[in-house]
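Chemist: using only what follows, build the 3D model:
(one chain, ligands or ions: 1)
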Amino acid sequence: MTTLIQPAREIQRRIPLPREDRPPLKVNIFEKMQAGNCQLIPMFPYEDADSLVPAGAIFRGEPDAEFGQFFHFNTVDEVAQVFGASGALLQTGQIYATQPLHGVNSFLKDPRNPDNFLVIAVTQHQRAAGPQNEAVIFRCAKCHEVLERYEYDAQPAPRGMHPRNGVPLFTTLQGSVDAAETLNEHETNRHCANCGHDNPTFPLERWGWKQYVQQTRTVNDARHALDAAAAEVLGAAEAGGH
Ligand SMILES: [Zn+2]
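Modeler: Below you'll find the predicted structure:
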């Protein structure tokens, strides 16, 4: 038995063509994460309003490794998809939606075992309009009292608004750097008012957030330098031609 579908309805259900400023791209997460780190690496350069933002992260156990623990709060849903894991708290092929407030660590059962690993994609999305609130929260390792709650608006500036944001910055990572640096800055920020425990600094270097933020600045500066050099040469050629 077949059911005829009304052509008009079929057209209504058609997925719209991609926006001109977001041409379709294809990325293999395993190839992409070869140069990644614990930080979420956006897989596509589309992070402005109304974008879906799939990002990858890669973890591997290491003797004496400290990954630390923090909590991430996001007003929009995130979907986590495990592309491969061993000795982790997540299963290969597992897919789930995160709670608005969720804990983040290495997700490895024993982060010091070099056999343990995890490759995961976390897809966030950017609201079509208005502010999007995210927060990074650090808690006391002993009694779980909140040591710091660092809130930020995760809605990035529209592309092209600033002369040097051709390669977009994933605002979640800038927020994470700022939160961790604030925690690490003074002992008093890590002293628990509830139980008196002096918490260790957060291992910021291991997560690669800062490197990502700095390299975003560097590639945009480099692009600007190339444009300036080209303008100079072309300008000189034009002047010489007359
Ligand atoms: Zn405490």
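
Chemist: for Cys195, see how far away the most centrally placed residue in the chain is.
Modeler: Closest to where the C-alpha atoms of the chain average out (CA atoms, centre = their mean) is Leu40, at 3.7 Å. As judged by CB to CB, to the nearest Å, Leu40 and Cys195 stand 32 Å apart. Glycine gets a C-beta too; all of them are placed from N, C-alpha and C.

Chemist: pull the longest helix from the protein.
Modeler: helix 209-241 (DSSP state H).

Chemist: buried ones in that helix?
Modeler: By 16 or more other CB atoms under 10 Å, the buried positions in helix 209-241 come out as Trp209, Lys210, Tyr212, Val213, Thr216, Asn220.

Chemist: tell me the one of these nearest the ion?
Modeler: Nearest to the ion among the buried residues of helix 209-241: Trp209, at 24.9 Å, using CB to the ion.

Chemist: check the closest one and give its pLDDT.
Modeler: Looking at Trp209, its pLDDT stands at 93.

Chemist: going forward, the N-terminal residue is numbered 513.
Modeler: All set: I'll call the first residue 513, so the last point we hit is now Trp721.

Chemist: ok, now how distant is it from Thr728?
Modeler: Distance from Trp721 to Thr728, by CB to CB: 11 Å.

Chemist: can you check Leu630 too?
Modeler: Leu630 is 24 Å from Thr728, by CB to CB.

Chemist: likewise for His656?
Modeler: From His656 over to Thr728 (counting by CB to CB), the distance is 33 Å.

Chemist: same question for Ala600.
Modeler: Counting by CB to CB, the gap from Ala600 to Thr728 is 28 Å.

Chemist: does the residue nearest to the centre of the chain really touch Gly568, like I thought?
Modeler: Yes: using CB atoms under 8 Å, Leu552 is in contact with Gly568, at 7.1 Å.

Chemist: and for these two, which residues touch both?
Modeler: Val634 (CB atoms under 8 Å, 6 or more residues apart in numbering).

Chemist: got the CA coordinates for the helix or strand where Ser688 lies in CSV?
Modeler: Per DSSP states H and E, Ser688 falls inside helix 683-697. Only the C-alpha atoms of helix 683-697 are listed here, as CSV (Å, rounded to 0.1, in the frame of the first residue of the first chain):
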residue,chain,number,x,y,z
THR,A,683,33.2,32.6,23.1
THR,A,684,32.9,29.6,25.4
LEU,A,685,36.7,29.2,25.4
GLN,A,686,37.3,32.9,26.1
GLY,A,687,34.9,32.6,29.0
SER,A,688,36.7,29.5,30.3
VAL,A,689,40.1,31.2,30.1
ASP,A,690,38.8,34.2,32.0
ALA,A,691,37.2,32.0,34.7
ALA,A,692,40.2,29.9,35.3
GLU,A,693,42.6,32.8,35.4
THR,A,694,40.4,34.5,37.9
LEU,A,695,40.4,31.4,40.1
ASN,A,696,44.2,30.9,39.7
GLU,A,697,45.1,34.6,40.3
